[in-house]
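J.: What would the 3D arrangement of this be:
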Amino acid sequence: SVVPIVLGPVTLAKLCKYVDGTRKTAAVLVKELVPLYKALLEELGRGATGVKEVQLHEPWLVMSDAETEEVRSLTTAAYKDLGSAGPAVNLCVHFDSLSPAVYSYVVKLPVKRVTLDFCRSKAMVEIVEKQGFPTTKELGAGVVDGRNVWRNEAAAGALLQRIRKAVHDDSRVVVAPSCSLQFVPYDLAFEDEIGSIPAEVKGKLAFAKQKLEVLVGLSKASSSSSSSSSWIGEDNLTGVEGAKKVTPEMYTRSQPFKERRGKQLAELPDFPTTTIGSFPQTAEIRKLRREWKEGKIGKAAYEEQIDKEIERVVAIQKDIGLDVFVHGEPERSDMVEYFAQKLDGMLLTRHGWVQSYGSRYVRPPVIYGTVSRKKGEAMTVREFAVCQKASGTVPVKGMLTGPVTILNWSFCRVDVPRAEQAVEVALAVREEVADLEAAGCRVVQVDEAALRERMPLKKEESESYLEWAVACFRLSTCGARPSTQVVTHMCYSTFEDIIGRIDGMDADVLTIENSRSAGEMVAALSSYGYARDLGAGVYDIHSPVVPTMDDMAARLQGLLSLLPPSRTWVNPDCGLKTRKWDEVIPSLKNMVTAAHKLRESHVSA
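T.: Numbering: from 1, shown residues only. Sure, this is the predicted structure:
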C-alpha cells in the first residue's frame, strides 16, 4: 500500500527563516500548521484514497535544542492532535540519534510507530537498551544505512538483534533504512555494462535496490540468526597512509597574513574584479567531453578543442575587463567528479546518480582506498598553463576543489575515520598547489563549498568536525609561498556561527554568496572583525536576470564599512556554469562598470 511522506510541522517551523517584523515564531507557526496537517491526514484517510499509514518526518528532533522545553512542548502538543487524526502515523527521525531526554518524550507521543536512525551513532541503540520501549508501539529500526553505498549486513544484523532484545517482541520491530534512500544511487546492476568498478570493490557495494534486498533479508531473519556477510567495515581494502607524511609545521603558512598580503598581486587596482571559476557549460562542450569519454575522439583532438575554448574564454574576459582571469573549467563536468578521475583510491560510477538540488543530479565518487594523485601527476596545471599563456600578464587563478568538499561530496569509506581520509585528500591538493606555483600561478582558489554540509547536527559534536576540517584545508594550502594568494569560496549556506573557524582557515581571500542573504554574512563578518580580503557576491547567479550596474554598485558601497577598497573583491555569488553566455557577458560587464564607478568615487573622496 502507498505510504505518503510529509515533512513534520515541528521541523518545518524550525527550518523557516523568520523575518524581523513578522511577529512569527516557530511556536506560533506550529499552532497554525497543526489544523492544516490534521485536515490533510483526515483527507488522506477517507474516501477513495484510503491511506492506512502516513510517515511524518521530524529530523529536527535530533538537534541539540530538541531538549529545550520549547521544542518538547511544541512536539507534544502537535502530535496530541495529529496522532489520532486519520491514518496511523509513523514518526520518522533520521540523520542522527535522539538524545536520552528527547527519546524519553518522543516514545510517549500517540503514534503507531517511531522510526529511528541507528546507523549514525551507536548511542541510539544504547539509549533504547537503557530506557526500553513502550509495549503499545512499533519501533522502526533504521539499521540499513541510507547515507553510504557499502553493504552492511553483518553490522545491521548485529544491531537488529540488540534492538529486538531491548524491545522484547520481534513482531513490534520493523526493519527500515536509516533514512530515505534518495541519497544513494538506484541500482548497482546498471554498472555491469562498464566494468569500471574493481571486482573486489563492487562486491562490497549496495545501492538502493540492493539495500532493500538486505532490508528484506534482515526482516525475515529471526532474532537468533546471525549474518556472516563481509562488508568494508570488516574487510579493510587498503590502509590509510596520509597521516604518516604530515608534520606540525605543514599546517602553518611561512608568514602571517599581515606580512604576506603586501606581496600578493600588488599591481591590482582597488575593487579588483574576477569570477568564481566556471563559465557556461554549453551543449558543444558537453558533447565534446562525452565523445572523448566514449572513445570517439582521441586525447590530442580533445585537448585541442578544450584549449580553443579556454582561449575563447580568455578573449571574453579581456573584452569585459576583468582583473583576474579563470580558465572557465570546460574540461570539468563537476567540481568533485573531475578530481576523482585524477586520484587513486577513488572511483566513478556510470549510472550512480543522486539528487543534488532541484533537478540537478550528480554522481558522487566512491572512496575505496588510499587517496593520492595518479602517478603523482598534476591534475590542473595543463589547463592553467594554456590560460596563462593566452592571458599574457593578467593573473590567472588556479582552480581546485578543497579536501573537505571532495570528501563530503563523495561516498567515503566507513572503516576509516573521515578525518584520516581528509588528510590524504588534503595532501593531494597540497601537491597540486605546489605544481601550480611551479607553473607560474600567483593565485590559487581552493573551494570549500561543502564545509558546512556534513557538519554534525548536534552542537556538542560539531567542534571536533570543524577542528579537523579546518586543519585539512590548512594542510592543503599552507605550503603556498607568501606571494601566492590563497582564495577560498563558500556558497549558499549559513556561516555566522563558525566565522572564527573560517578565519582560522588562514585564506587570504574569502568569497561568499551575498545577494540572496541580504548581506547577513557580511554583517556577521564585520561584527566579528574579519580583516582579510573579502569577495561578497554582488549578483545572484541562479537567476537569469541581468543585474544593473547601479544595484551592484550599491552592494559594493555597503561593503566599505567592513573593508578598505583594496581588499574588497568584486565577483558574482558563485560559478557561472549553469548560465547562458547571453546572460553572463552583460552581467559581468555591468559588474566591472560598477567596480570602476566605485574606484572613481573613492579616488575623488
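J.: Sketch out the strands for the stretch 1-150 of the chain, chain order is fine.
T.: Under the criterion DSSP state E, counting those that start in this stretch, the stretch 1-150 of the chain contains strands at 5-7, 53-57, 88-93, 113-117, 138-144.
J.: hmm, I was thinking of the stretch 201-350 of the chain
T.: Under DSSP E, counting those that start in this stretch, the stretch 201-350 of the chain gives strands at 343-347.
J.: what comes up buried for stretch 367-384?
T.: By neighbour count on 16 or more other C-beta atoms under 10 Å, the buried set for stretch 367-384 is 367-373, 378-381, 383-384. C-beta: built from backbone N, CA, C; applies to glycine.
J.: Among these, name the ones in helices.
T.: 381, 383-384 (DSSP state H).
J.: okay, the residues you listed in TSV with distance to residue 326 and pLDDT next?
T.: Conversion of those to TSV gives the following (distance: C-beta to C-beta, whole Å; pLDDT from 0 to 100):
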residue	distance to residue 326	pLDDT
381	15	98
383	10	98
384	10	98
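J.: Now render the residues you listed as a markdown table, adding distance to residue 258.
T.: Supplementary listing: those in a markdown table, determined by distance: C-beta to C-beta, whole Å:
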| residue | distance to residue 258 |
| --- | --- |
| 381 | 30 |
| 383 | 33 |
| 384 | 28 |
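J.: wait, which of the residues you listed is closest to residue 52?
T.: For these, the residue nearest residue 52 by C-beta to C-beta is residue 383; the value is 56.9 Å.
J.: For that closest one, which non-adjacent residue is closest in space?
T.: With C-beta to C-beta, 6 or more residues apart in numbering as the measure, residue 327 is the residue that lies nearest to residue 383, at 5.1 Å, once sequence neighbours are left out.
J.: tell me, how many neighbours does that neighbour end up with?
T.: By the criterion of other C-beta atoms under 10 Å, residue 327 has 31 neighbours.
J.: which residues touch it?
T.: With contacts defined as C-beta atoms under 8 Å, 6 or more residues apart in numbering, residue 327 is in contact with 310, 313-314, 383-384, 386-387, 396, 399.
J.: Could you check how far stretch 524-537 is from the centre of its chain?
T.: Centre-to-centre, stretch 524-537 and its host chain are 22 Å apart (C-alpha atoms, centre = their mean, to the nearest Å).
J.: Convert the C-alpha atoms of that stretch to CSV, please.
T.: Once side chains and other backbone atoms are set aside, the C-alpha atoms of stretch 524-537 remain, and they are given as CSV (Å, rounded to 0.1, in the frame of the first residue of the first chain):
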residue,chain,number,x,y,z
ALA,A,524,28.4,39.0,10.8
LEU,A,525,31.9,39.2,9.4
SER,A,526,32.0,42.9,10.2
SER,A,527,30.8,42.2,13.8
TYR,A,528,33.5,39.6,14.2
GLY,A,529,36.2,41.9,13.0
TYR,A,530,37.2,39.9,9.9
ALA,A,531,40.3,41.6,8.5
ARG,A,532,41.2,39.5,5.4
ASP,A,533,40.2,40.2,1.8
LEU,A,534,36.5,39.6,1.0
GLY,A,535,34.6,39.0,-2.2
ALA,A,536,30.9,39.2,-1.3
GLY,A,537,28.9,38.2,-4.3
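J.: Let me see the contact set for the residue nearest to residue 63 when sequence neighbours are not counted.
T.: Counting by C-beta to C-beta, 6+ apart, the nearest residue to residue 63 once its immediate chain neighbours are dropped is residue 457, at 5.6 Å. When the contact criterion is C-beta under 8 Å, 6+ apart, the partners of residue 457 are 62-64, 95-96.
J.: repeat that for 10 Å
T.: Residues in contact with residue 457, defined by C-beta atoms under 10 Å, 6 or more residues apart in numbering, are 59-60, 62-64, 66, 95-96, 120.
J.: Am I right that it is in a strand?
T.: No. Counting by DSSP: H, G, I helix; E, B strand; the rest coil, residue 457 falls outside a strand, being coil.
J.: what's near enough to touch residue 317?
T.: For residue 317, the contacting residues are 273-275, 279, 323-328, 387, 390-391, 394, 396, 588, 592, by C-beta under 10 Å, 6+ apart.
J.: taking those one by one, which sit in helices?
T.: Among those, the members falling in helices (DSSP H) are 387, 390-391, 588, 592.
J.: Turn the residues you listed into CSV, including neighbour count.
T.: What follows is the ones in helices among the contacts of residue 317, written out as CSV (neighbours: other C-beta atoms under 10 Å):
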residue, neighbour count
387, 25
390, 20
391, 22
588, 26
592, 20
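J.: Out of those, which comes closest to residue 436?
T.: Relative to residue 436, the closest of the ones in helices among the contacts of residue 317 is residue 387; by C-beta to C-beta it sits at 11.4 Å.
J.: contacting residues for that closest one?
T.: For residue 387, the residues meeting the contact criterion (C-beta under 10 Å, 6+ apart) are 307, 310-311, 313-314, 317, 325-328, 394, 396-399, 441.
J.: ok, now with 8 Å
T.: The neighbourhood of residue 387, defined by C-beta under 8 Å, 6+ apart, consists of 310, 313-314, 325-327, 396.
J.: likewise residue 541?
T.: For residue 541, the contact set (C-beta under 8 Å, 6+ apart) comprises 572-576, 578-579.
J.: where does the stretch 101-250 of the chain have low pLDDT?
T.: Of all residues in the stretch 101-250 of the chain, those with pLDDT under 70 make up the ranges 193-195, 222-243.
J.: in it, which spans are helices?
T.: Read by DSSP state H, counting those that start in this stretch, the stretch 101-250 of the chain holds these helices, from start to end of the chain: 123-131, 153-167, 199-202, 208-220.
J.: Phi and psi next, for residue 51.
T.: Summarising the backbone geometry of residue 51 under the convention degrees, to the nearest 10, its torsions are phi -70, psi 130.
J.: Next up, the contacts around the spatially closest residue to it that is not a sequence neighbour.
T.: In space, residue 51 comes closest to residue 44 once its chain neighbours are excluded; the distance is 4.3 Å by C-beta to C-beta, 6+ apart. By C-beta under 8 Å, 6+ apart, residue 44 lies in contact with 4, 51, 54, 86-87.
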